[in-house]
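**Student:** coords please:
(chains A and B)
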2 protein chains.
Amino acid sequence: MEEKSKILVIGATGKLGYHIAEASLKFRHPTFALVRDSAFSDPFKAQKLHSLSNAGATLLKGSLEDEASIVEAVKLVDVVICAVSAKQTSLQKLLIQVIKQVGSIKRFIPSEFGSDPTKVLVSELEDGYNFYAPKVEIRRLVEAEGIPYTCISCNFFMRILLPSLVQPGLKAPPRDKVTIFGDGNTKGVFMKESDVAAFTITAVDDPRTLNKVLYLRPPGNVCSLNELVEMWETKIGKKLEKLHVSEGELLEKIRGTSFPANFEMLFIYSAFIKGDHTYFDIESSSGVNGTGLYPHLEYTTVSEFLDTLV
Amino acid sequence: MEEKSKILVIGATGKLGYHIAEASLKFRHPTFALVRDSAFSDPFKAQKLHSLSNAGATLLKGSLEDEASIVEAVKLVDVVICAVSAKQTSLQKLLIQVIKQVGSIKRFIPSEFGSDPTKVLVSELEDGYNFYAPKVEIRRLVEAEGIPYTCISCNFFMRILLPSLVQPGLKAPPRDKVTIFGDGNTKGVFMKESDVAAFTITAVDDPRTLNKVLYLRPPGNVCSLNELVEMWETKIGKKLEKLHVSEGELLEKIRGTSFPANFEMLFIYSAFIKGDHTYFDIESSSGVNGTGLYPHLEYTTVSEFLDTLV
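**Tutor:** Numbers count the residues shown, from 1 in each chain, chains lettered A, B, ... in the order given. A predicted model of the protein is given here:
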């Protein structure tokens, strides 16, 4: 019989978590989801849960704030994947203590799933902006407790900024004028959630990803604003008028707005001006490249995503 | 996502139960096993549990005598398959009450897995011989509680009498003399456990088997003692000397021995003299034929089994 690790997904009714639970089932892992009682009375979440359960996921009632429920759930599985939202990052502390106590978890994937929080340069920008600090704290706690882990650095999800061609406030790509932030040459990374989920599930049983960060930077998904605009112009067969916003002007706008209203601009500043996604090389002591490890995995490129918007 | 019912196997460290858990995993059902704490300290059972767990089964600690453990387990699944030994038949009563209370089980397979206990003619033979009475009681209880069920009537397991060519006390088929019980023309049925397991798992989600007995009588697995001996003679290229034991002589021997020491003779009497496996036709109101429903399922025939003994 083929060996299959058992996977617990926390946050399975969330956007990424749902894809992770789906991928876990697709790759034939026994799949469990820790679900709050209240989720069953939310029609949208209930539908997701129904779909996951039908496909074979086992729903366990509980939450990150209910220790007994975490203990029960963690005891049933080999792998824990946490995909809670950024604002719930610190709730993982109790989970980490439970994983430490139970002692049988072979891999823990904490809820990072963005830029590598230990690498971002933008994090010290604003006093009230502590998006990454709790993620760093959680990473350090996992390391200190000696829990086997893998962190997934997938950078941007395509649904966040790509539908507007990185134009804050727009819902669709512009067809006349486009704003370029900075010089437009710094490269960011966009990944589709379902692709992140497939890489994550593929990584959980791989000894090469043990206690490492898995960086997702697939060819076709790394591009600058200038490249992005040019790609779009080719697809719609029309040149756009370029407006330019300098680093100083962007910073001023960010400071004139408060988090989270300014999050799109903050993310643009982080990725396309500071270069948080790509300024550093992957060090083999601490990181691995997803597409290098798993060349067989298919993924949606930026160009393919833009095709759906033409 | 493909729909997959979740299956709880009770008795997964037993001979049949292990094959059922294996088949459940093979057919990609989320698979759970209710396991006594003591099983983990039995090296043989622990190895089976390790193998099932590695292949993806979730082991839940508990037993049929621990109500809380059954409630927890039953809540996690859609289907319960009980494969406990005949002497534990009555322990299913608490399980049935729990299934009734929890109310979400779509199919229950009680531990019958032999001759249909409601059909056997031999059951009233001996005062102390109540092998089938508890199974009938359980079937009636399941029906009375309105629990959706399927019973599996698989008749003999090949490992019981076939290795000796139905010669009580022998460990291998005879090569000189063979005893024929009765006239040798009454047909019995032999099934391999792993095949019974595959038919069982295939049946659990099938509306055609709801509240029915699934009878396993595959072509190639139904044969009389005379046919069995002839098949063996052909395989070894030698005629055997036939000894004959009449119904009366066999009964006398059975009565001179006590249960369970006389169980081989009792089973021979039941199948090859009374015809308990095959004397009745399958009534469509209460039963279905396994090979009729699932012609794609492969199985080991009596001839193929005998080939391994030549």
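**Student:** which ones are touching the closest residue to residue A:177 other than its chain neighbours?
**Tutor:** Nearest residue to residue A:177, sequence neighbours excluded (CB to CB, 6 or more residues apart in numbering or on different chains): residue A:241, at 4.5 Å. The way it works is simple: take the backbone N, C-alpha and C, and place the C-beta from them, glycine included. The neighbours of residue A:241, taking CB atoms under 8 Å, 6 or more residues apart in numbering or on different chains as the test, are A:176, A:177, A:178.
**Student:** top of those by neighbour count?
**Tutor:** For these, neighbours were counted using other CB atoms under 10 Å in any protein chain shown, and residue A:178 has the most, 23 neighbours in all.
**Student:** does it count as helix, strand or coil?
**Tutor:** The three-state assignment at residue A:178 reads strand, by DSSP: H, G, I helix; E, B strand; the rest coil.
**Student:** can you give me the strands for chain A?
**Tutor:** Listed in chain order, the strands of chain A (DSSP state E) span A:7-10, A:31-35, A:58-61, A:79-82, A:107-109, A:150-153, A:156-157, A:177-181, A:187-191, A:212-215, A:222-224, A:241-245, A:287-289.
**Student:** low-confidence ranges in the stretch 101-250 of chain A?
**Tutor:** Of all residues in the stretch 101-250 of chain A, those with pLDDT under 70 make up the ranges A:123-129.
**Student:** same thing but at 80, please
**Tutor:** Judged against pLDDT under 80, the low-scoring parts of the stretch 101-250 of chain A cover residues A:122-130.
**Student:** Which part of it gets nearest to chain B, residue-wise?
**Tutor:** Across the stretch 101-250 of chain A, no residue is closer to chain B than residue A:104, which sits at 11.0 Å (CB to the nearest CB).
**Student:** now the stretch 51-200 of chain A
**Tutor:** In the stretch 51-200 of chain A, no residue comes nearer to chain B than residue A:55, which is 3.3 Å away by CB to the nearest CB.
**Student:** Surely that residue touches residue B:4?
**Tutor:** Yes. Under the contact definition of CB atoms under 8 Å, residue A:55 touches residue B:4, with a separation of 6.5 Å.
**Student:** quick one, what contacts the closest residue to residue A:53 other than its chain neighbours?
**Tutor:** Beyond its immediate neighbours in the sequence, the residue positioned closest to residue A:53 (CB to CB, 6+ apart) is residue A:59, lying 5.6 Å away. Residues touching residue A:59, when contacts are defined by CB under 8 Å, 6+ apart, comprise A:32, A:33, A:35, A:49, A:52, A:53.
**Student:** What ranges does chain A have for its helices?
**Tutor:** Under the criterion DSSP state H, helices of chain A are mapped to A:15-26, A:43-54, A:67-75, A:92-102, A:133-145, A:158-161, A:193-203, A:225-236, A:247-255, A:263-268, A:290-293, A:302-307.
**Student:** between those, which gets nearest to residue B:273?
**Tutor:** helix A:43-54 (49.2 Å; CB to CB).
**Student:** counting contacts, what elements does the closest one pack onto?
**Tutor:** Counting by 3 or more CB pairs under 8 Å, 6 or more residues apart in numbering or on different chains; DSSP states H and E, the packing neighbours recorded for helix A:43-54 are helix A:15-26, strand A:31-35, strand A:58-61.
**Student:** So what sits opposite the spatially closest residue to residue A:57 that is not a sequence neighbour in the bridge?
**Tutor:** Excluding the flanking residues, the one nearest residue A:57 by CB to CB, 6+ apart is residue A:31, at 4.5 Å. For residue A:31, the beta-bridge partners under DSSP bridges are residue A:7.
**Student:** who in chain A is up against chain B?
**Tutor:** Contacts of chain A with chain B, taken as CB under 8 Å from any CB of the partner chain, map to A:1-4, A:6, A:22, A:25-26, A:28-31, A:51-52, A:54-58, A:60, A:76.
**Student:** just the buried members of those?
**Tutor:** Among those, the ones that count as buried by 16 or more other CB atoms under 10 Å in any protein chain shown are A:4, A:6, A:22, A:25-26, A:29-31, A:51-52, A:55-58, A:60, A:76.
**Student:** okay, now the closest residue to residue A:65 other than its chain neighbours: neighbour count?
**Tutor:** Using CB to CB, 6+ apart and skipping residues adjacent in sequence, the residue nearest residue A:65 is residue A:91, 6.7 Å away. Counted with other CB under 10 Å, the neighbours of residue A:91 add up to 18.
**Student:** same thing with residue A:18?
**Tutor:** Counted with other CB under 10 Å, the burial measure for residue A:18 works out to 23 neighbours.
**Student:** who touches the nearest residue to it once chain neighbours are set aside in this structure?
**Tutor:** For residue A:18, ignoring the flanking residues on the chain, the nearest one in space by CB to CB, 6+ apart is residue A:48 at 5.4 Å. Residue A:48 sits next to A:12, A:13, A:18 when contact means CB under 8 Å, 6+ apart.
**Student:** Dump these to CSV, plus pLDDT.
**Tutor:** CSV is the format used below for the contacts of residue A:48 (pLDDT from 0 to 100):
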residue, pLDDT
A:12, 97
A:13, 96
A:18, 98
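**Student:** what's the closest of those to residue B:149?
**Tutor:** Distances from residue B:149 to these, taken by CB to CB, are shortest for residue A:12, at 32.0 Å.
**Student:** residues contacting that closest one?
**Tutor:** A:18, A:20, A:21, A:33, A:34, A:35, A:48, A:49, A:52, A:57, A:83.
**Student:** swap the cut-off to 10 Å and go again
**Tutor:** With contacts defined as CB atoms under 10 Å, 6 or more residues apart in numbering or on different chains, residue A:12 is in contact with A:18-22, A:24, A:31-35, A:39, A:45, A:48-49, A:52, A:57, A:59, A:81, A:83.
**Student:** If we ignore the residues flanking it in sequence, what's nearest it?
**Tutor:** In space, not counting the residues next to it along the chain, residue A:12 is nearest to residue A:33; the distance is 3.8 Å by CB to CB, 6+ apart.
**Student:** what about the one you found, neighbour count?
**Tutor:** For residue A:33, the neighbour count with other CB under 10 Å is 27.
**Student:** Would you agree it is in contact with residue A:60?
**Tutor:** Yes. Shown here, residue A:33 and residue A:60 form a contact pair, counting by CB atoms under 10 Å, at 6.9 Å.
**Student:** what residues are shared contacts of those two?
**Tutor:** Counting by CB under 10 Å, 6+ apart, the shared contacts of residue A:33 and residue A:60 are A:8, A:10, A:73.
**Student:** and the last one, how many neighbours?
**Tutor:** So the one you mean is residue A:73. Residue A:73: 24 surrounding residues under other CB under 10 Å.
**Student:** count of residues packed around the nearest residue to residue A:267 once chain neighbours are set aside?
**Tutor:** Taking CB to CB, 6+ apart as the measure, residue A:267 lies nearest to residue A:161, with 6.5 Å between them; neighbours along the chain are not counted. Taking other CB under 10 Å as the criterion, the count of residues near residue A:161 is 21.
**Student:** Could you pull up the residues touching the residue positioned nearest the centre of chain A?
**Tutor:** Among the residues of chain A, the one closest to the centroid is residue A:113, at 2.7 Å (CA atoms, centre = their mean). Shown in contact with residue A:113 (CB under 10 Å, 6+ apart): A:11, A:16-17, A:20, A:81-84, A:86, A:135, A:151-155, A:157, A:191, A:193, A:196-197, A:200, A:216.
**Student:** Quick check: the gap between it and residue B:3.
**Tutor:** Per CB to CB, to the nearest Å, residue A:113 is found 29 Å from residue B:3.
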